[in-house]
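[1] Here is a sequence with its predicted model. Questions after.
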Amino acid sequence: MEHQPMECSYSNNPMSQKKPNSLLTSEAKNDQQPVLAPESDIASQFIWPDHEKPCFDAPELEVPTIDMTVLSSGDPLAVSKAAELVNEACKKHGLFLVSNHGVDSGLLDRAHEYMNFFFGLQLSDKQKAKGEIGYGYTNSFVGRYSSKFPWMESLTLRYCPDVQDIMVEYLVNKFGEDMRQFGYEYCEAMEKLSLRIMELIGISLGLEQSYLRDFFQENDSILRMDYYPPCKRPDLTLGVGPHSDPPSLTILHQDLVGGLQVLTDGKWHSVTPIPGTLIINIDDTFMALSNGIYKSCLHRAVVNNQTARKSLVFFLNPRMDKTVTPPACLVTSKNPRKYPDFTWATLLHFVHNHYRVDMKTMDAFSKWIQEQEPNNKIQA
Ligand SMILES: C=C1C[C@]23C[C@H]1CC[C@H]2[C@]1(C)CCC[C@@](C)(C(=O)O)[C@H]1[C@@H]3C(=O)O
Ligand SMILES: O=C(O)CCC(=O)C(=O)O
Ligand SMILES: [Fe+2]
C-alpha cells in the first residue's frame, strides 16, 4: 500500500504548510504559537539558523563496503583487510557499509510497508502510540523543543527481551498480531547482525574477536522509524539536525530517496543509498568504549520538495546497568582515558531530561556526570 501523502489538515499537523489558524499551541514547549514566516510558508520553528541550513551540493562520502561473509570465509587475509578498512573508516568519520548482511530483503520491504501504514494514519491515531519519553510517536518534537524543529515524524520502540513495550500493544491492535511478529523478527535480525559487526570491530581494534560481542550480548536496544514528509522549502529546514547518536552502534536502512549527510574534514558529505547495503555508524557510547579511538559519526538528514523519505534505524545499546569502560589495552600513556565510566541508563537519562542531542553530546555528558558524581573523575 503506497503511503498516502500526509494530509496537512492544518489544524493538527505541525508540518502543515497551509495558513495557520492554531498550531498545537498547547503542546509547544514555550507555549508560543509557531509563527508562520510568510516568505517561507513554513512555521518559523522549522527554519534552522543560517550556519546549520542544508547544502545540496555535498560531495559523496568515500566509504568502504564490508562483505559480511568475510567473517565465515576462513580467509585470515580477507578478515584482516576488512578489519583494516573498518579501522580506517571508524577513526576518520565513524561510518561504513555492509553487504551480504544476511537480513532478508523481504523483512526490509515489510518494514517499509508497515511504516507506510503507520505514517499514513490520521495524526490523532498516531498520537495514540504514546510511550514514555523517547519512545512512541513523535513529530517535530513539538512540546519537547522550542526551536529548530526537525522536519520529521518518528516512531521509536524499545527492544529488550524482558520489557513489554506498551506501544507494541497499540500497534498490534492497529495492525494485527503479525505486527508483533514482524517487530521481533526485524529486531532479532538486526541484533544478530550487530553482534557479528561487533566481532569485526573487535578485531579491527586488536581485541579478542568475542570481547565486544560478549559486551553487547545482553542488550536493551531501540528500533526507530523515521518519516520525512516532502517540504516546500527544503533549503530552510532539516529532517534531523546535526548530531551523533548516543547509543553504541547504529544500523540504518534508508530508502532510495537519499538525504543522509556526514560531516568529515569540516564539510558535509552525502551518503547515497546503495541497494543491498546497510549503513553502520559508530555512536557516542561506543566512542567512549573505544577510549576515543573510533569517532562517533556526525550526521544529519536533509529533506526535499518532491517525495517523502523513510529510514529504519536499529540502535544497539548495552544492558542499562552495564558500566561502559574501555578495555585496558586501549588506555595508554599516549592515549589516556577520554571519558569517565558511565552506564547507558545514565546517558539516556541525560539526553531525555537535560540535553538536546547534538554534535557535542558526549563532551556535555562527560562534564555533567563528573559534576553529578565527583568521585567519577576520568582515571588516567
Ligand atoms: C537515545 C536516543 C536519543 C534519540 C533516540 C535515541 C537514539 C538516537 C537519538 C536521536 C534520534 C538522534 C537525533 C536527535 C533526536 C532528538 C531525534 O531526532 O529524535 C534523538 C533522539 C532523542 O533525543 O529522543
Ligand atoms: O534518516 C536518516 O538517514 C538519519 C536518521 C538519524 O540520524 C537518526 O534517527 O538518528
Ligand atoms: Fe542519527
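    Received, thanks. Numbering: from 1, shown residues only. Ligands and ions are numbered 1, 2, ... in the order given.

[2] could you measure E60 against K267, distance?
    Separation of E60 from K267 (CB to CB, to the nearest Å) stands at 12 Å. No exception for glycine: its C-beta is placed from N, CA and C like everyone else's.

[3] Might you enumerate the residues of this structure proximal to ligand 2?
    Applying CB under 6 Å from any ligand atom, we find that the chain lies next to ligand 2 at 224, 226, 240, 245, 252, 254, 260, 299, 301, 311, 313.

[4] ranking those by neighbours, who comes first?
    In terms of neighbours by other CB atoms under 10 Å, those top out with H299 at 28 neighbours.

[5] give me the element the closest residue to that residue other than its chain neighbours is part of.
    For H299, ignoring the flanking residues on the chain, the nearest one in space by CB to CB, 6 or more residues apart in numbering is V262 at 4.9 Å. If you go by DSSP states H and E, V262 is part of strand 260-264.

[6] elements contacting that strand?
    strand 267-270, strand 299-301 (3 or more CB pairs under 8 Å, 6 or more residues apart in numbering; DSSP states H and E).

[7] Of all those, which one comes closest to H354?
    Shortest distance between H354 and those, using CB to CB, is found for strand 299-301: 21.9 Å.

[8] And the residue of the stretch 51-200 of the chain that's closest to ligand 1?
    Proximity of the stretch 51-200 of the chain to ligand 1 (CB to the nearest ligand atom) peaks at G134, 4.6 Å away.

[9] circling back to that earlier point, please say which of E60 and K267 ends up with more neighbours.
    Neighbours were counted for E60 and for K267 using other CB under 10 Å; K267 has more, 12 against 9.

[10] Please name the bridge partners of the more buried one.
    With DSSP bridges as the criterion, K267 is bridged to T264.

[11] Quick check: it touching P59?
    Yes. Contact criterion CB atoms under 8 Å: K267 and P59 qualify, at 7.2 Å.

[12] If you drop the residues flanking it in sequence, what lies closest to P326?
    N291 (3.8 Å).

[13] The one you found - how many residues pack around it?
    The number of residues near N291, taken as other CB under 10 Å, comes to 21.

[14] Let me know the secondary structure of it.
    Following DSSP: H, G, I helix; E, B strand; the rest coil, N291 is assigned to coil.

[15] How about S194?
    Following three-state DSSP, we place S194 in the helix state.

[16] Low-confidence regions, the chain specifically.
    For the chain, applying pLDDT under 70 flags the ranges 1-14, 16-38, 142, 164-167, 379-380.

[17] Does N281 belong to a helix, a strand or coil?
    Assignment for N281 (three-state DSSP): strand.
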